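>>> what follows is a predicted structure for the sequence shown.
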Amino acid sequence: MAKHKFGSPEWTQALHDELNASQAYEDAAKNWEGDFYFIVEPEGPVTNAVYMYMDLWHGKSREAKIVQDPAEKNPAFVMSGKYGKWKQVVLAKLDPIQALMTGQLKLKGNMTMVMKNVKAAQEIVRACTRIETEFEI
Amino acid sequence: MWFFNSPQVVFGEGALSYLAQIHGARAYIITDDQMVRFGFVDLVQEQLTQANIETRVFAEVEPEPSLDTVRRGAALLREYEPDWVVGLGGGSPMDAAKAMWALYECPDLQPDCINPLEYLGLGKKARLITIATTSGTGAEVTWATVLSDPAENRKLGLGSRETLATIAIVDPIFAMKMPPRLTADTGLDALTHAIEGYTSSWRNDFSDGMCLKATDLIFKFLPRAYADGNDAEAREKMHNAAAIAGLGFINSLAALAHAMGHSFGGAFHVPHGRAVSLFLPYTMEFAANGGNYRYADLAHFIGLVSVAEPARPAPILGGGKMHGYIDLGQASPEQMTRCMIQAVRELETGLQSNTNAASLGIPRDDFARAMPTLLDHAENDTSITANSRVPERAELEKIFWYAYEGKPIDF
């Protein structure tokens, strides 16, 4: 499997493919409706914010891409955090729910929806960890 | 980075009288009709009156409080404008009080939207006092809130660290009147908190000690409190144990037995403590089969090896019925883990608690029909997040069926 640079269009496409190939994600997110911005905030080697857009709908990823202008989309959910925190999450060194609860990652959107779909969030992270990922440092 | 959250805990005989020392103008007591009948509301009002605090009482919290009850109570709080909200009772009134307080402070908030990820800004209008009358939920010291959504026949595990009480009263006077069944159910709830808190993937140095101590107290004093409700020492120790277990698990999170128990309890209306403890030994086995042997620490701490009889083989490993007959020098963490699981089963059996779902009289067909919902709700319960071994859906279904039939988990 080819390695992809975290936050690149190829990495985003790989996550899209992982999710659409995952039965576990399809089952867990079958009631999920809502698109996302995953925002990687500049830190260390990452000097510009990265906006990863994903349209997640009933257990499938309908669209995934890097957006240059954040005004291009107005997603239902926005999850953001510094590059170093995302790296820890993708490497499975930081539990994303703990990261959210301690403010290391931030989430905006319909919290009722989030609280009822915990498993879907876990499956997204699992999909991330299956991608062969290269980091800036 | 993580937190350890705790209210000011006022505990021991006479702890209730601390209420006479607090400052304020108006308190709204959130409770249920049993607390009124037992005279517990009068006891609380007496102390608050001494502190020159006016009171009103909302005594309509039902078991497994619904979202609507919370909305109704919050509307009354907004009308009365108290500076103290007092949750008095078992888990249901205390959880309802937390949610009503949150809605009182944030009128635009929906109760099923209380979450640990957003800042709510509580504490501008009032503060919360919790007074536990059962020895199990630990709700007096936790920020977790379990509400029910009748429309979806579902229990919702909610919570925000901001809904933690300012003062938690842990006075054993309230526990003396619990009947044996309630004593067992609530005590086993506390045991589930302690064991899951010690073995969850979010466990930490601060919560570990709480969970160990609570487990020890429960093994020592729950059988006594169950056998003789007038055993004042056992009642006090169990009341303390429940709060200590609460502090343990809320700072490390409960796990799979809670996720399954919430789902199962919501579908079949089984009391919370009985539901979560029913699944506890099965989920311990599932975690142990994945290599989680932290249960061995618990076994050592509560002294399961103190009756070691090296002359005898370890029957626990061969399906024997008694725990503790293990040579201390030879017991591996895995053996001690199995020993601990067996000890939990024996404790539950001794308390005449249900050790499989079929024994609750649930027909097999009903259980099978409910299975998709049981799985959906358990998979999306927040408690599943911190389980050391997260089951796939097919594994979760197997655990449910093994727990229905009373079969030890062998996968």
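Structure's in. What do you need? Numbers count the residues shown, from 1 in each chain, chains lettered A, B, ... in the order given.
>>> what segments of the stretch 51-200 of chain B are helices?
For the stretch 51-200 of chain B, helices defined by DSSP state H, counting those that start in this stretch occupy the ranges B:67-80, B:91-105, B:180-199.
>>> in TSV, list the ones you listed along with mean pLDDT.
As requested, the helices of the stretch 51-200 of chain B are exported to TSV (pLDDT from 0 to 100):
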stretch	mean pLDDT
helix B:67-80	97
helix B:91-105	97
helix B:180-199	98
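>>> same list, those helices, but as JSON lines with distance to chain A please.
Placement of C-beta: from N, CA and C, glycine included. Output for the helices of the stretch 51-200 of chain B, formatted as JSON lines (distance: least, CB to the nearest CB, whole Å):
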{"stretch": "helix B:67-80", "distance to chain A": "11"}
{"stretch": "helix B:91-105", "distance to chain A": "12"}
{"stretch": "helix B:180-199", "distance to chain A": "15"}
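>>> dump those helices to a markdown table, plus mean neighbour count and distance to residue B:146.
Formatted as a markdown table, the helices of the stretch 51-200 of chain B follow (neighbours: other CB atoms under 10 Å in any protein chain shown; distance: least, CB to CB, whole Å):
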| stretch | mean neighbour count | distance to residue B:146 |
| --- | --- | --- |
| helix B:67-80 | 18 | 11 |
| helix B:91-105 | 28 | 6 |
| helix B:180-199 | 27 | 11 |
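>>> now residue B:277. Nearest residue, chain neighbours left out?
Computed as CB to CB, 6 or more residues apart in numbering or on different chains, the closest residue to residue B:277 that is not its neighbour in sequence is residue B:188, at 3.5 Å.
>>> which stretches of the chain aren't confidently modelled?
Went with chain A since none was named. Applying pLDDT under 70 to chain A picks out residues A:1, A:137.
>>> switch to chain B, that's the one I care about
Within chain B, the stretches with pLDDT under 70 are B:305-329.
>>> 50 instead, please
For chain B, residues meeting the criterion pLDDT under 50 lie at B:306-325.
>>> all strands for it, in order.
Here chain B has its strands, by DSSP state E, at B:8-11, B:26-30, B:54-58, B:84-89, B:127-132, B:144-149, B:154-159, B:167-170.
>>> which stretch among these comes nearest residue B:363?
Taking CB to CB, strand B:154-159 is the member of the strands of chain B nearest to residue B:363, at 21.1 Å.
>>> just checking: what are the partner strands of the closest one?
If you go by DSSP bridges, strand B:154-159 pairs up with strand B:144-149 (antiparallel).
>>> from the chain's centroid, how far away is the partner strand?
How far strand B:144-149 lies from its chain's middle: 12 Å, per CA atoms, centre = their mean, to the nearest Å.
>>> need phi/psi at residue A:100.
Main-chain torsions, residue A:100, degrees, to the nearest 10: phi -70, psi -40.
>>> skip the chain neighbours and tell me the closest residue to it.
Spatially, and ignoring its direct neighbours in sequence, residue A:100 is nearest to residue B:117 (4.9 Å; CB to CB, 6+ apart).
>>> do residue B:268 as well
Closest to residue B:268 by CB to CB, 6+ apart is residue B:362, at 5.8 Å.
>>> what do you get for residue A:88?
Sequence neighbours aside, residue A:94 is the residue nearest to residue A:88 in space, at 3.7 Å (criterion: CB to CB, 6+ apart).
>>> the residue nearest to residue B:268 contacts residue B:269, correct?
No - contact criterion CB atoms under 8 Å: residue B:362 and residue B:269 do not qualify, at 10.5 Å.
>>> and the contacts of stretch A:72-85?
Contact with stretch A:72-85 is made by A:7, A:33-46, A:53, A:55, A:67, A:89, A:94, A:99-100, A:104-110, A:114, A:136, as judged by CB atoms under 8 Å, 6 or more residues apart in numbering or on different chains.
>>> show the end-to-end separation of that stretch, please.
For stretch A:72-85, the separation between the terminal residues is 25 Å (CA to CA, to the nearest Å).
>>> what residues go with each domain of chain B?
B:8-176, B:180-405 (automatic domain parsing).
>>> for residue A:27, which of those is the nearest?
Closest approach to residue A:27 among the domains of chain B is made by domain B:180-405 (5.6 Å; CB to CB).
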